[in-house]
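1. Okay, structure incoming, though there's no sequence with it:
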């Protein structure tokens with residue numbers, strides 16, 4: 001069946017899943033919220049990364065890919081999926097039926113493996129810091145491979161999707177050669193490849209990274225300013241761990257739903273199954289709207305970018321510090337004497353500080369006998 005709803009075998013010619021108007025209105029508001037927050041938030045994330053050269057790092061390239069995948073899912077699938085599940089009638093034609101079934105697996109695959117790529121990059125940066133990092137070209141190639149594999153995995157859904165007129169209703173579904181067996185096996189394969197396997201990989205990599213960051217010393221780092229060096233790495237890893245956990249929580253009920261209904265197909269005929277499905281579908285689709293909020297809360301540069309994008313709102317104040325966060329080069333405080341750093345105000349206690357601000361402050365301290373050395377985090381790399 002389509003990833004969007006129970007298969008055709010669970011539907012009668014007359015629609016047994018008619019909802020009260022008030023309940024349909026509540027679901028409409030809930031799905032509209034996902035659509036608005038996800039599209040607007042992820043579009044701002046894309047703009048922040050593309051419009052500001054300082055944001056073009058390896059991690060952010062993969063976050064860009066993640067945002068594009070989430071935007072496409074929310075814009076082209078979430079609300080259409082809701083309309084179809086709520087009304088039990090397909091209004092959008094055969095071509096969009098194929099696209100509707102093809103897109104979710106493609107987008108989710110691209111999302112989760114972008115997270116895997118970030119996890120592997122963080123692992124290499126922290127556990128093996130002396131090994132070469134990904135260049136911008138290699139990063140783009142990895143992103144291209146991710147989308148290529150996503151298309152291959154989702155292609156059967158596009159190929160076998162069809163529409164059928166039954167009574168007064170039109171259904172959009174996947175007509176597998178062996179309907180029950182093929183549908184169930186495909187959902188198992190998808191669950192393993194886009195949920196279980198990547199989560200196991202990320203659990204392993206982040207466990208090793210976490211043990212190093214919170215329980216030991218970072219290989220290759222010196223003792224000078226050690227707590228400042230590790231602070232930036234911890235922030236990035238903590239943010240990504242929250243993103244991964246959010247994804248896992250949102251998609252677990254969705255995969256369980258299809259496994260359970262695949263094992264017991266009679267559940268598709270139970271009237272309450274529609275409300276169960278709309279609930280797990282909403283939770284899965286809502287995964288596309290949380291990431292921008294997480295970035296804004298946990299990353300100062302993304303927070304500054306959101307403030308700049310929303311500066312027309314009366315309650316948003318864009319400070320000079322926010323402007324410098326997005327446009328200034330950064331000074332590596334690991335090369336600055338500790339006595340200088342200790343005299344800096346708290347906002348500047350970062351391993352990679354705003355260069356213009358740090359230099360302006362540092363050069364006025366008489367006890368700093370050596371001029372700070374200007375270094376930049378190379379484009380395509382992270383702290």
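-> Cool, the structure landed. Everything numeric here is computed off the predicted structure, so don't read it as measured data. Residues are numbered from 1 along each chain as shown.
2. Only C-alpha atoms from now on, for both contacts and neighbour counts.
-> Fine.
3. in this protein, which segments are predicted with low confidence?
-> For the chain, residues meeting the criterion pLDDT under 70 lie at 1-18, 216-226, 318-325, 327-383.
4. Buried residues in the strand or helix carrying residue 276, which are they?
-> Using DSSP states H and E, residue 276 sits in helix 273-298. Judged by neighbour count (16 or more other C-alpha atoms under 10 Å), helix 273-298 contains these buried residues: 273-275, 277-278, 280-296, 298.
5. for stretch 176-194, same thing?
-> Neighbour-count burial for stretch 176-194, counted by 16+ other C-alpha under 10 Å, picks out 176, 180, 183, 184, 186, 187, 190, 191, 193, 194.
6. In a markdown table: those residues, plus distance to residue 42 and secondary structure.
-> Supplementary listing: those in a markdown table, determined by distance: C-alpha to C-alpha, whole Å; DSSP: H, G, I helix; E, B strand; the rest coil:
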| residue | distance to residue 42 | secondary structure |
| --- | --- | --- |
| 176 | 34 | coil |
| 180 | 37 | helix |
| 183 | 32 | helix |
| 184 | 32 | helix |
| 186 | 30 | helix |
| 187 | 28 | helix |
| 190 | 25 | helix |
| 191 | 25 | helix |
| 193 | 24 | helix |
| 194 | 21 | helix |
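7. Columns distance to residue 129 on top of the residues you listed, output as TSV?
-> Output for the buried residues of stretch 176-194, formatted as TSV (distance: C-alpha to C-alpha, whole Å):
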residue	distance to residue 129
176	48
180	49
183	45
184	43
186	40
187	39
190	34
191	33
193	29
194	29
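8. wait, what's in contact with residue 75?
-> For residue 75, the contact set (C-alpha atoms under 8 Å, 6 or more residues apart in numbering) comprises 35, 39.
9. Need the phi and psi values for it.
-> When read as degrees, to the nearest 10, the backbone of residue 75 gives phi -70, psi -40.
10. where along the chain do the helices fall?
-> In the chain, the segments counted as helices under DSSP state H are 21-51, 58-73, 79-87, 93-127, 136-160, 179-191, 197-215, 226-263, 273-298, 300-309, 320-327, 338-342, 355-362.
11. Take the ones you listed and lay them out in JSON lines including distance to residue 166.
-> Shown next, in JSON lines, are the helices of the chain (distance: least, C-alpha to C-alpha, whole Å):
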{"stretch": "helix 21-51", "distance to residue 166": "23"}
{"stretch": "helix 58-73", "distance to residue 166": "28"}
{"stretch": "helix 79-87", "distance to residue 166": "14"}
{"stretch": "helix 93-127", "distance to residue 166": "14"}
{"stretch": "helix 136-160", "distance to residue 166": "18"}
{"stretch": "helix 179-191", "distance to residue 166": "18"}
{"stretch": "helix 197-215", "distance to residue 166": "39"}
{"stretch": "helix 226-263", "distance to residue 166": "23"}
{"stretch": "helix 273-298", "distance to residue 166": "19"}
{"stretch": "helix 300-309", "distance to residue 166": "48"}
{"stretch": "helix 320-327", "distance to residue 166": "56"}
{"stretch": "helix 338-342", "distance to residue 166": "73"}
{"stretch": "helix 355-362", "distance to residue 166": "67"}
